[in-house]
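Chemist: Quick one, what's the 3D model for this:
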Amino acid sequence: MIKGGMMNAPSPAQALQEIQRVEGRVRAAERRFGAICLASGIGAPLYWAGMLFAPTFRTPATLAWMLLTLVLCGLMLRIGVTGRRLTQIAYWVAGGDLVLFLLPAALFFLYGPAPLPSSWTVAGVALCVASGLPMLYAARRLTRA
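Modeler: Model prediction:
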């Protein structure tokens, strides 16, 4: 809004309208990222349950997880605007998710192609459930707003 070399300030109503528009875009991005986190938080325990307890489902579980990951990564790239809250939650959740997603991987690599022994059932189920908790936490935080 430049007239004759001078910048005109927006009216208070215009400024408020612009702030509300930007806030709406940030909230929409948070909700979309929350939905992505929800899908990942539900998918991770299912993936690890298939990997640890059902050797015949390992190939389909791996293919499904790879497809889900590709789709979710594509959706994350399209989110666009992010706010401070989304950025903070994403960093903390990424760290927690990395640790809790890799714990079942340690059991998987420890026991190889065989299913987990029955003595590991409770620990295996707990790790499967824990693998999705950071993403479910993020989904709850981001979709509540």
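Chemist: who's in contact with Ala123?
Modeler: Ala123 is in contact with Leu107, counting by C-beta atoms under 8 Å, 6 or more residues apart in numbering. Backbone N, C-alpha and C define where each C-beta goes, glycine included.
Chemist: Run the chain-centre distance for the helix or strand hosting Ile89.
Modeler: Secondary structure from DSSP states H and E places Ile89 in helix 84-111. Distance, stretch centre to chain centre, for helix 84-111: 10 Å (C-alpha atoms, centre = their mean, to the nearest Å).
Chemist: Equivalent analysis for stretch 41-48, please.
Modeler: The chain centroid and the centroid of stretch 41-48 are separated by 12 Å under C-alpha atoms, centre = their mean.
Chemist: ditto for stretch 82-95
Modeler: 10 Å.
Chemist: Just the CA atoms of that stretch, as PDB, please.
Modeler: Only the C-alpha atoms of stretch 82-95 are listed here, as PDB (Å, rounded to 0.1, in the frame of the first residue of the first chain):
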ATOM      1  CA  THR A  82       3.700 -23.700  10.900                       C
ATOM      2  CA  GLY A  83       3.500 -22.000  14.200                       C
ATOM      3  CA  ARG A  84       5.800 -22.000  17.200                       C
ATOM      4  CA  ARG A  85       3.700 -24.600  19.100                       C
ATOM      5  CA  LEU A  86       3.700 -27.000  16.100                       C
ATOM      6  CA  THR A  87       7.400 -26.700  15.800                       C
ATOM      7  CA  GLN A  88       8.100 -27.300  19.500                       C
ATOM      8  CA  ILE A  89       5.800 -30.300  19.600                       C
ATOM      9  CA  ALA A  90       7.200 -31.800  16.400                       C
ATOM     10  CA  TYR A  91      10.800 -31.600  17.700                       C
ATOM     11  CA  TRP A  92      10.000 -33.300  21.100                       C
ATOM     12  CA  VAL A  93       7.800 -35.900  19.500                       C
ATOM     13  CA  ALA A  94      10.300 -36.800  16.800                       C
ATOM     14  CA  GLY A  95      12.900 -37.500  19.500                       C
END
